[in-house]
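Engineer: sequence? don't have it. structure:
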């Protein structure tokens, strides 16, 4: 099996696991979103520290923690990540998985828009078409829901801003070091939240022993394992392939919501989702065409005899 094939399999593993998260989080519905996020932070930190120890990554972690210009953006990213996690868990356990899946369909369009607004990037004509279709889709879904799709928009915007921060930090911080730093930032608030919940009788760690405790503790592995798969995939496959694989997550979430969790999908919402899918087809086709053109230009520009 060659490296690129392994990369695709790692990508399918990562996005596939994220795609079935609604079924996993539904098992935790007796715990509030706040409690789940707090446990997710602390158990993820435990797993991350174990991975850091296994790969002897203490030097990279110490170097990152010693640089405020890296820690501060990661701290901001940690807050965005906590918001994203909390809203997602709330959506799943309040029977709004379909709207959560919409958020991750919209996310690539939000990322493109952030590139224009924050990084002052210039969009190609077809990218503007995709963004326009996305805006029409949100308007249609606002009418269909009778309100703006706030869960979807919050998920898309929080993850889009998180990705923007990671992009600006660059490749100097590895995936495990980055997540370890982010969970370290959130560890103290998470511990305070859990202590408060247990003191007020609203904590659920000891309920239904030992299953609730085991499920909450497993949040660390559920968070870190897909991330490691994703990092392994990103090193082996082209960005265009990774961009296509990312649609596996919201598609599986959509199927979970409709087929397994019995959420209703009226016709007008299908129209809104259809507009989003059309926007993604346009965006993906433009991205693939642009990448192909750049490869041709690069080969053409190579001097004769170059190796």
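Structural biologist: Nice, thanks for sending it over. The model shown is predicted, which means the values in this text are computed figures rather than measured ones.

Engineer: Could you use CA atoms for every contact and neighbour count after this?
Structural biologist: Will do.

Engineer: Any buried residues in the helix or strand of the chain with the lowest mean pLDDT, and which?
Structural biologist: Scoring the helices and strands of the chain by mean pLDDT, DSSP states H and E places helix 239-245 at the bottom, with a mean of 75. By 16 or more other CA atoms under 10 Å, the buried positions in helix 239-245 come out as 242, 245.

Engineer: Can you name the next helix or strand after that helix?
Structural biologist: helix 248-255 (DSSP states H and E).

Engineer: buried ones in that next one?
Structural biologist: By neighbour count, with 16+ other CA under 10 Å as the criterion, the buried positions of helix 248-255 are 248-255.

Engineer: Show me the contact partners of the helix or strand where residue 141 lies.
Structural biologist: When secondary structure is defined by DSSP H and E, residue 141 falls within helix 125-145. Residues lying outside helix 125-145 but in contact with it, judged by CA atoms under 8 Å, 6 or more residues apart in numbering, are 106, 109, 112-113, 148-149, 268-269, 271-273, 275-276, 278-280, 282-283, 286.

Engineer: Present the buried residues of helix 248-255 as JSON lines; the columns should include pLDDT.
Structural biologist: JSON lines is the format used below for the buried residues of helix 248-255 (pLDDT from 0 to 100):
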{"residue": "248", "pLDDT": "92"}
{"residue": "249", "pLDDT": "94"}
{"residue": "250", "pLDDT": "94"}
{"residue": "251", "pLDDT": "94"}
{"residue": "252", "pLDDT": "95"}
{"residue": "253", "pLDDT": "96"}
{"residue": "254", "pLDDT": "94"}
{"residue": "255", "pLDDT": "94"}
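
Engineer: what separates residue 21 from residue 186, distance-wise?
Structural biologist: Computed with CA to CA, to the nearest Å, the distance linking residue 21 and residue 186 is 22 Å.

Engineer: Just the ones of the contacts of helix 125-145 in helices?
Structural biologist: Using DSSP state H, the subset of these located in helices is 106, 109, 112-113, 268-269, 271-273, 275-276, 278-280, 282-283, 286.
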